[in-house]
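Enquirer: generate coordinates for the sequence data below:
(2 chains)
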Amino acid sequence: AQSVTQPDIHITVSEGASLELRCNYSYGATPYLFWYVQSPGQGLQLLLKYFSGDTLVQGIKGFEAEFKRSQSSFNLRKPSVHWSDAAEYFCAGLAGGGNKLTFGTGTQLKVEL
Amino acid sequence: GAGVSQSPSNKVTEKGKDVELRCDPISGHTALYWYRQSLGQGLEFLIYFQGNSAPDKSGLPSDRFSAERTGGSVSTLTIQRTQQEDSAVYLCASSLDAWGGGDHTDTQYFGPGTRLTVL
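Expert: Sure thing, here's the model as predicted:
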């Protein structure tokens, strides 16, 4: 069965520190992969996406993610976190030819000032 | 507006009542999706519309749930005889198309959601 796993439920970082949020996927073939962010009471905002090609993808708000086929991972990174980055982050996969996003359980990011 | 819009933003209802949730997709997007976000289940796919094709209803949790998409644009999700376990945030998304071509046209953009509370 297709699945996306986010091992960390909560992460706390200090403002200005680097950030890495983990995401692993399990699909029969390489899926399309996405990172979304959700602020309290808001919908999901797309941060970045991977379809094919370059394994390091750049997104909005200074985020990037690296696709690693050997590790079945698509981790999200940011070199220096801002207090406004505090939110919940969701990794999602879409099977090729499919239409249903499969989401991870989310990682709640807290930023300490 | 340029994004997906949903109404109402909040809905409180009594158990047993019917509710309708509305979604306006991004103009020109042919594919529309409904998802549900609840504490116990996370984000779950409910239903998907693509153009004039028959909708994929495989994610609907019971026959109390139904959805329509009129004129290939606006969609309404209806929940009949609501139960307390239906309390959740209902999210709508749209994409330019959904033929799995593996490009930006498959990217789903989400609305702000409708928070449904069943008392």
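Enquirer: next, count neighbours for residue B:4.
Expert: A total of 23 residues lie near residue B:4 under the criterion other C-beta atoms under 10 Å in any protein chain shown. All C-beta spots, glycine's among them, are computed from the backbone N, C-alpha and C.
Enquirer: quick one, what contacts residue 91?
Expert: All of this is about chain A. A:4, A:6, A:21, A:23, A:25, A:33, A:34, A:35, A:74, A:76, A:103, A:104 (C-beta atoms under 8 Å, 6 or more residues apart in numbering or on different chains).
Enquirer: sorry, I should have been clearer: chain B.
Expert: A:43, A:44, B:6, B:34, B:35, B:36, B:37, B:43, B:110, B:111, B:113.
Enquirer: one more time with 6 Å, if that's ok
Expert: Under the criterion of C-beta atoms under 6 Å, 6 or more residues apart in numbering or on different chains, the contact list for residue B:91 reads B:35, B:37, B:110, B:113.
Enquirer: middle-most residue in chain B, spatially?
Expert: What sits nearest the mean C-alpha location of chain B, by C-alpha atoms, centre = their mean, is residue B:34, with 2.5 Å.
Enquirer: that one looks like it's in a helix, true?
Expert: No - judged by DSSP: H, G, I helix; E, B strand; the rest coil, residue B:34 forms no part of a helix; its state is strand.
Enquirer: nearest residue to it other than its sequence neighbours?
Expert: Distances taken as C-beta to C-beta, 6 or more residues apart in numbering or on different chains put residue B:46 closest to residue B:34, at 4.2 Å, once the chain neighbours are dropped.
Enquirer: I figured that neighbour hits residue B:37, correct?
Expert: No - the criterion here is C-beta atoms under 6 Å, and residue B:46 misses it with residue B:37 at 10.6 Å.
Enquirer: which one of the residues in chain A is closest to chain B?
Expert: residue A:97 (3.4 Å; C-beta to the nearest C-beta).
Enquirer: just to revisit the earlier point, could you single out the nearest of the contacts of residue B:91 to residue A:84?
Expert: Proximity of the contacts of residue B:91 to residue A:84 (C-beta to C-beta) peaks at residue B:110, which lies at 19.4 Å.
Enquirer: quick check: bridge partners of the closest one?
Expert: In this entry, residue B:110 is beta-bridged to residue B:93, by DSSP bridges.
Enquirer: count of neighbours near it?
Expert: What residue B:110 shows, counting by other C-beta under 10 Å, is a neighbour count of 23.
Enquirer: list the contacts for it?
Expert: A:43, A:44, B:91, B:93.
Enquirer: and the gap between it and residue B:33?
Expert: 9 Å (C-beta to C-beta, to the nearest Å).
Enquirer: quick one, grab the pLDDT at the nearest residue to residue B:2 once chain neighbours are set aside.
Expert: Nearest residue to residue B:2 in three dimensions, chain neighbours excluded: residue B:26, at 7.0 Å (C-beta to C-beta, 6+ apart). On pLDDT, residue B:26 comes in at 93.
Enquirer: part of a strand, is residue B:26?
Expert: No - under three-state DSSP, residue B:26 falls outside any strand and is assigned coil.
Enquirer: quick check: it touching residue B:94?
Expert: Yes - counting by C-beta under 6 Å, residue B:26 touches residue B:94, with 5.0 Å between them.
Enquirer: now list whatever residues contact both of those two.
Expert: residue B:4.
Enquirer: comparing these two, which shows the higher neighbour count?
Expert: residue B:94 (26 against 17).
Enquirer: for residue B:113, what are its contacts?
Expert: A:43, B:89, B:91.
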